[in-house]
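Colleague: coords please:
(one chain, ligands or ions: 1)
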Amino acid sequence: MSAIAKVTAAIMAATLAMSGEAVAKPLAIVNAEIYPSPNAPLISDGVVLVQDGKIIKVGTRAEVSVPKTARVIDAHGAVLTAGFWNSHVHIMPSDLMGAKASKAATLEEGIQAMLTHWGFTTVFDLGSSTENTLALRKRIASGDIDGPMILTCGDPFFPEGGTPIYVRQYLADHGWANEEVSTPKEAADRAVRQLDRGTDAVKIFAGAIVGGDIGVLPMRLDIAKAVVAEAHKRGKPAFAHPSNYAGINVAIDSGVDVLAHTTATEDGSHDPYGWTPELIARMRAHNMALTPTMTLFEWEAHKIHQKPEVTAQTIKLITSEVKDFSAAGGEILFGTDVGYTDAYDTTEEYRLMSGALDWRQILASLTTTPASRFGYAAHKGRIAPGMEADLVLLDGDPSKDPTAFARVRDTIRGGRVIWGADR
Ligand SMILES: [Zn+2]
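Modeller: This is a model prediction of the structure:
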């Protein structure tokens, strides 16, 4: 090799090394049963071809040829869907709290256990330490840790005197500042500070469970409106924790976009049984979406040793709320409240949801509905050319058994296996 050829070869090698991603091998997932979106027909014996983090081709084996250079994942009959969203999580477990200083392996194990093991390639954090969650997101984005895309509300807003009874100990243990807001100005100022730091939404406790004689404390409407308005000024969504009818009313009247839970209160507030058609119509008129978090109600019931027949009544109630809201055209966003709960396994949530929704509606709640609600429909939520290669390979067919959504073989984000057998 001549001197010039040697130099050229060296430059080329250096260029290739620097642009590692741009020249990465294509990824081909073959032999898969593909559900490209909730409404598209099944592609049997399908192939998905990925290059540079994006899907470039989708079709049957006959339609898509696999380049010789590709890394091949043989799905042998497993089911492939778009990557899942969990639209209600909390970056709160202690193994995720030291995001700045902790070892990558520690953080990644925590993320796997709670999120990527269950197919989540995008999550919406509905309340955590803004600083810690932004630090974690940065380490994932830098490639230091494999994890989902994290959108976050940052620190939540509690009413004055309304720090929820079930987080008081946690906040004290972790040395958190008081998250209560007393005036519209104080609330708006904090919302501005958080959004300026890069948070993606706000979360208010429209109804905060404080226990005692009060039970559920609603947030003052002027304060709720002040927080929501700051998010809306920037085209960002507002979430609310409702707890009861009064909380839902504050959420609706302040312009909240997503209700973070169904409601089932035993607080003596004499709510009517279930959501009335009038209430659902008001929620729909305000284009409000819902994360059901159905497992949460069982998890809480278990914690206080509630009688099984009482829990069964609660489940019946929230199932009817989800069913009626969806039937009225309301958007359902899959969400479990993990990070607050330790119920990481999603099997039970799918079992409970299937009492209210069919499997295609559940798939929509995991993929297309959150992608479109949060402004990512052009990039995420479907398996189609040009979309980000966020994919989930399932050992089981959710059209036959919705709990198969929990049997994740591989979680793939941007064409990279971030959890599972083929990592
Ligand atoms: Zn929550």
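Colleague: List the residues that contact the residue in the stretch 301-423 of the chain that the ion sits nearest to.
Modeller: Here the residue of the stretch 301-423 of the chain nearest the ion is residue 337; by Cβ to the ion that distance is 4.3 Å. From N, CA and C alone the C-beta is placed, and that goes for glycine too. Residues near residue 337 by Cβ atoms under 8 Å, 6 or more residues apart in numbering: 88-90, 126, 261, 293, 295-296.
Colleague: change it to 6 Å
Modeller: For residue 337, the contact set (Cβ atoms under 6 Å, 6 or more residues apart in numbering) comprises 88, 293, 296.
Colleague: Likewise for residue 95?
Modeller: Contacts of residue 95 by Cβ under 6 Å, 6+ apart are residue 110.
Colleague: Mind pulling up the pLDDT for residue 275?
Modeller: Note on residue 275: pLDDT of 89.
Colleague: Just give me the neighbour total for it.
Modeller: By other Cβ atoms under 10 Å, 26 other residues sit near residue 275.
Colleague: again with the one 5 residues further on
Modeller: Residues near residue 280, counting by other Cβ under 10 Å, number 21.
Colleague: Do I have it right that it meets residue 329?
Modeller: No: using Cβ atoms under 6 Å, residue 280 is not in contact with residue 329; the gap is 9.4 Å.
Colleague: Find the residues that touch each one of those two.
Modeller: Contacts common to residue 280 and residue 329, judged by Cβ under 6 Å, 6+ apart, are absent.
Colleague: Return the distance of the residue most central in space within the chain relative to the ion.
Modeller: Nearest to the geometric centre of the chain sits residue 86, at 2.1 Å (Cα atoms, centre = their mean). Using Cβ to the ion, to the nearest Å, we find residue 86 at a distance of 11 Å from the ion.
Colleague: swap in residue 147?
Modeller: Taking Cβ to the ion, one finds residue 147 at 19 Å from the ion.
Colleague: Residue 75 now?
Modeller: 34 Å.
Colleague: domains of the chain?
Modeller: For the chain, the domain assignment from automatic domain parsing gives the residue ranges 3-82+384-420, 85-373.
Colleague: By mean pLDDT, show me the worst of the ones you listed.
Modeller: Across those, domain 3-82+384-420 gives the lowest mean pLDDT, at a mean of 88.
Colleague: How far off centre is it?
Modeller: 22 Å (Cα atoms, centre = their mean, to the nearest Å).
Colleague: Shouldn't residue 230 be within a helix?
Modeller: Yes: according to DSSP: H, G, I helix; E, B strand; the rest coil, residue 230 belongs to a helix.
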